[in-house]
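Chemist: Fold the following and give me the result.
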Amino acid sequence: MRMGGYRMRTIMFTGGGSAGHVTVNLALIPEFLKDGWQVEYIGSTGGIERTLLESKPEVHYWPIETGKLRRYLDLQNVKDPFKVLKGMAQAYRIIRKRKPAVLFSKGGFVSVPVVFAAWLNRVPVIIHESDMTPGLANRIAIPFATGVCTTFPETARSQAGGKYRHIGPIIREEMRQGRMERGRSLCDFHSGKPVLMIMGGSLGARRLNEAVRESLDELLEKFQIVHLCGKNGVDGTYRQRGYKQFEYVNEELPHLLAMSDIVVSRAGSNSIFEFLALEKPMLLVPLPKGQSRGDQLQNAESFRRLGYCDVLQEENLTAERFMERVLHLYANRQSYREAMREGNENQGDGLAAVRQWLLSAARK
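Modeler: Residues are numbered from 1 along each chain as shown. Just a heads-up that it's a prediction; the model follows:
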């Protein structure tokens, strides 16, 4: 693309499979659009990343075939390597044609063929790792990367070599712009009762949803509740006043958080760092190892150690224990806020740091 005879520099993004593998990209994209870059995105044909990018028509989206990287036996494991190879060929041709100055990868299974294709085309790659330890996709892709940004300082300290750099959390600017009144309007809530937000995430919401509904009547005596239930998680039989369900929210999330006094959530890195930035006391119910690689357990323990949250393990998740810990969180909310405020004072500007690294990699 040319403007006045000058070819605009192109940056490419990739990442998908879950909302957590897209949100950091969504934070960075406006910065590069504002600076006049041509912004493009390589993602899967039908993943959540494609849905989330629909709100940004100025970003050209390139869909490719992709397979899932599974740790368990499944018949799809026979077919998926061929999809990955096809996706790699597609990504190679796209990158060769578009000639981006740099690629930023947030991870997820779609990113592996894209990172490899960029490496073959000699395009510098910066990878972002949100969790304490790299996921499978990033572990495969890291050897082909120029550098790796980490959110947790422990990650950079535990890795040998000069690729890793702790840059801290990358928080979308719109998360800081929520309006309490708008949140209440969306849920038909009032100001006379505290608000509890339940956020199950896009994966693993079922057990958390069950615990909420088992203790719903008792919870509603104390709180108004906004419940993000995950895909197909909304249950229309629960229609109590003061209880509002959403399957998934996007633009509404900053407003819902602005009105919330405390949060119950899984322990995905992007979400918990947003709660930290907004100083929202949190009860974390991390996905257990049987449902994940254990990254959420590590994330939650790091935050618990620093005094940012309380943690309830899923094996202890009963209606009675859940109610007890929610009440404990609310009663001690101020001490959690003070710890988070102190932690935020020691955080750098992750968005500015990764942007600067991408610009530096692009110049080289």
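Chemist: if I look at Pro113, how far off is Glu154?
Modeler: Pro113 sits 29 Å away from Glu154, going by Cβ to Cβ, to the nearest Å. Every residue, glycine included, has its C-beta placed from N, CA and C.
Chemist: ugh, wrong one, Leu283
Modeler: 22 Å.
Chemist: Tell me which of the two has more neighbours.
Modeler: When Leu283 and Glu154 are compared for neighbours, Leu283 comes out ahead with 22 against 14, by other Cβ atoms under 10 Å.
Chemist: what's whichever strand or helix holds that one in contact with?
Modeler: Remark: Leu283 resides in strand 282-284, with elements defined by DSSP states H and E. Residues from elsewhere that reach strand 282-284 (Cβ atoms under 8 Å, 6 or more residues apart in numbering): 262-267, 272, 275, 296, 299-300, 303-304, 308-312, 325-326, 329, 336.
Chemist: For the helix or strand harbouring Leu103, what is the distance to the chain centroid?
Modeler: Using DSSP H and E, Leu103 sits in strand 102-105. The chain centre lies 17 Å from the centre of strand 102-105; the measure is Cα atoms, centre = their mean, to the nearest Å.
Chemist: now swap in stretch 286-299 and tell me
Modeler: The answer for stretch 286-299 is 15 Å, by Cα atoms, centre = their mean.
Chemist: Tell me the buried residues in it?
Modeler: Under the neighbour-count criterion of 16 or more other Cβ atoms under 10 Å, stretch 286-299 has Pro286, Leu287, Pro288, Ser292, Gly294, Asp295, Gln296, Leu297, Gln298, Asn299 buried.
Chemist: same deal with stretch 211-229?
Modeler: Quick answer for stretch 211-229 (16+ other Cβ under 10 Å): 211-216, 219-220, 223-229.
Chemist: next one: stretch 58-69
Modeler: For stretch 58-69, a neighbour-count test (16+ other Cβ under 10 Å) marks Val59, His60, Trp62, Pro63, Ile64, Glu65, Thr66, Gly67, Lys68, Leu69 as buried.
Chemist: mind listing which of these are in strands?
Modeler: His60, Trp62, Pro63, Ile64 (DSSP state E).
Chemist: Can you tell me which of those residues is nearest Met180?
Modeler: Relative to Met180, the closest of these is His60; by Cβ to Cβ it sits at 36.4 Å.
Chemist: which ones are touching the closest one?
Modeler: Contact analysis of His60 by Cβ under 8 Å, 6+ apart lists Gln38, Val39, Glu40, Tyr41.
Chemist: who's in contact with the last one?
Modeler: Contact partners of Tyr41, counting by Cβ under 8 Å, 6+ apart, are Met12, Phe13, Thr14, Asn25, Glu49, Leu53, Val59, His60, Tyr61, Trp62.
Chemist: what's across from it in the sheet?
Modeler: Counting by DSSP bridges, Tyr41 forms beta bridges with Phe13, Tyr61.
Chemist: Let me see the confidence value for it.
Modeler: Looking at Tyr41, its pLDDT stands at 98.
Chemist: next SSE after the strand holding Leu283?
Modeler: helix 295-305.
Chemist: what comes into contact with that following helix?
Modeler: Taking Cβ under 8 Å, 6+ apart as the rule, helix 295-305 contacts 131-133, 135, 152, 154, 266-269, 272, 276, 282, 284, 286-289, 309-311.
Chemist: With pLDDT added, can I get the ones in strands among the buried residues of stretch 58-69 in JSON lines?
Modeler: Shown next, in JSON lines, are those (pLDDT from 0 to 100):
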{"residue": "His60", "pLDDT": "96"}
{"residue": "Trp62", "pLDDT": "97"}
{"residue": "Pro63", "pLDDT": "95"}
{"residue": "Ile64", "pLDDT": "95"}
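Chemist: what's the most distant pair in those residues?
Modeler: Farthest apart among those by Cβ to Cβ are His60 and Ile64. That separation is 13.3 Å.
Chemist: Can you say which of the contacts of His60 are buried?
Modeler: Buried subset of the contacts of His60 (neighbour count, 16+ other Cβ under 10 Å): Gln38, Val39, Glu40, Tyr41.
Chemist: Any figure for the gap between the closest residue to Asn332 other than its chain neighbours and Val148?
Modeler: Spatially, and ignoring its direct neighbours in sequence, Asn332 is nearest to Pro281 (7.6 Å; Cβ to Cβ, 6 or more residues apart in numbering). For Pro281, the distance to Val148 (Cβ to Cβ) stands at 31 Å.
Chemist: contacting residues around the nearest residue to Ile262 once chain neighbours are set aside?
Modeler: Closest residue to Ile262 apart from its sequence neighbours, by Cβ to Cβ, 6+ apart: Pro281 at 4.8 Å. Taking Cβ under 8 Å, 6+ apart, we find Pro281 in contact with Asp261, Ile262, Val263, Cys309, Leu329, Tyr330, Asn332, Arg333, Tyr336, Arg337, Met340.
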